[in-house]
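*Asks:* Sequence first, then the predicted structure, then my questions.
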Amino acid sequence: MKKVTIRDVAKAAGVSPSTVSRALSATDRVSSETTRRIVGVAERLGYKLPSAEEQTSAARPDSSSHLVGIVVPDVTDQYAAAIVHSVENECFGHGYGLVIAESRDSVAWERMVLDKTMSLVDGVIMVSPKMSNPMLRDYAEDHPLVVTNRNVRNVTSIVVDISTGIGQAADLFAVRGRTRVTYLSGPNSVWSSGARFRELQSACERKGLEVVQLWPGEPTFEGGAAYVDKYLEDPTGAVMAFNDAMALGFMARMRERGFECPRDYLIVGFNDDVTAQTSTPPLSSIRMSANALGVNATRLLLRRMAGGVTEDFASYAAVPSSLAVRDSLGGFHGSSEE
């Protein structure tokens, strides 16, 4: 009779061979539910389970890599880089090194680099992942995982509370006499783009403002510039862009067409990058603390790795937002919190 292998168990259980290995070695790096399912399949197939001595050896502390992984869409993005910096500082403070990987805004590439990273580290932070919720839940079953900038049910997640910053922007649009606002959307696959649109709709509805959405777009300077022709078909005089890069691209193309900000329109971006502060005119932007996001994501992951977060933990939205008000909103300066 053919000997049953780990690959046989993995295929029958619908998981990877590495997950079977971790589950049967009692390393505490696989959820109890998944472990029970794998053990049941192994027993049914007649796979020889590890001895108690082998399990104890595999579960020793020295099996830890003392590394944490972080996967970001683009390592050159200023906001992502700021999150990486804060995660690295927090990791080093707890005795962990950091492995950085780039998903290149591609689901296929994201899965590939996540698989590779998970094989090297004790836990992973995903920054604005693009893969589906079921995929993320599957990965979270196999390995300690924290998702940022996206709320995924049954996955440890941390998001920014954008309601304050967007509400402040809607208030100022109304104060400046605007009745309609255009939202320059990011990619359809990016969870945060839809979340920002829905929050803007709610904030504007409270102020009696109409929202027009232009979509989908690329979250880049060129992506913002590409929206100008469509915007000029039905200009609203007030614009919110998915991020600062799109806002700056939109402003540059509008200037080429003879339209100046804030004379002809008002605009707000997201992330409050350095470029927002140095643009002409300086760009108003919704601040979302990359440092707070990175620090809290790391602490959640460390708790998850230590078994301190329950399997049904859903989200941890504790990072606030605020509006940095500059000349692109016309006649205002400083922070709307002041």
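*Replies:* Looks like it came in fine.
*Asks:* Distance from the chain centre to the strand or helix carrying Asp138, please.
*Replies:* Per DSSP states H and E: Asp138 is located in helix 133-142. What separates the centre of helix 133-142 from the centre of its chain is 15 Å, taken as Cα atoms, centre = their mean, to the nearest Å.
*Asks:* what stretches of the stretch 101-250 of the chain score poorly on pLDDT?
*Replies:* Scanning the stretch 101-250 of the chain for pLDDT under 70 picks out nothing.
*Asks:* Which residue ranges of it form helices?
*Replies:* 107-118, 133-142, 163-175, 191-207, 221-225, 228-233, 244-256 (DSSP state H, counting those that start in this stretch).
*Asks:* Point out the most buried one among the ones you listed.
*Replies:* Neighbour counts (mean count of other Cβ atoms under 10 Å) averaged over each of the helices of the stretch 101-250 of the chain peak at helix 244-256, with a mean of 23. For glycine as for every other residue, the C-beta is placed from the backbone atoms N, C-alpha and C.
*Asks:* Let me see the residues that make contact with the helix holding Asp138.
*Replies:* By Cβ atoms under 8 Å, 6 or more residues apart in numbering, the residues outside helix 133-142 that reach it are 15-16, 18-19, 22, 29-31, 33-34, 111, 114, 118, 124, 126, 129, 145, 147, 152-156.
*Asks:* Mark which of those residues are buried, thanks.
*Replies:* Among these, those classed as buried by 16 or more other Cβ atoms under 10 Å are 15-16, 18-19, 22, 29-31, 34, 111, 114, 118, 124, 126, 129, 145, 147, 152, 155-156.
*Asks:* Turn the helices of the stretch 101-250 of the chain into a markdown table, columns for distance to Gly40.
*Replies:* Output for the helices of the stretch 101-250 of the chain, formatted as a markdown table (distance: least, Cβ to Cβ, whole Å):
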| stretch | distance to Gly40 |
| --- | --- |
| helix 107-118 | 24 |
| helix 133-142 | 15 |
| helix 163-175 | 45 |
| helix 191-207 | 34 |
| helix 221-225 | 49 |
| helix 228-233 | 55 |
| helix 244-256 | 50 |
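*Asks:* between the ones you listed, which one is nearest to Arg304?
*Replies:* helix 133-142 (9.0 Å; Cβ to Cβ).
*Asks:* which ones are touching the residue most central in space within the chain?
*Replies:* For the chain, the residue nearest the mean C-alpha position is Ser128 (2.1 Å; Cα atoms, centre = their mean). When contacts are counted by Cβ under 8 Å, 6+ apart, Ser128 touches Val72, Pro73, Ala80, Thr148, Asn149, Arg150, Val190, Trp191, Ser192.
*Asks:* Can you flag which of the residues you listed belong to strands?
*Replies:* If you go by DSSP state E, the contacts of Ser128 have Val72, Thr148 in strands.
*Asks:* out of the contacts of Ser128, which is most surrounded?
*Replies:* Compared across those, Thr148 has the highest neighbour count, 27 neighbours, by other Cβ atoms under 10 Å.
*Asks:* Fine, thanks again, bye for now.
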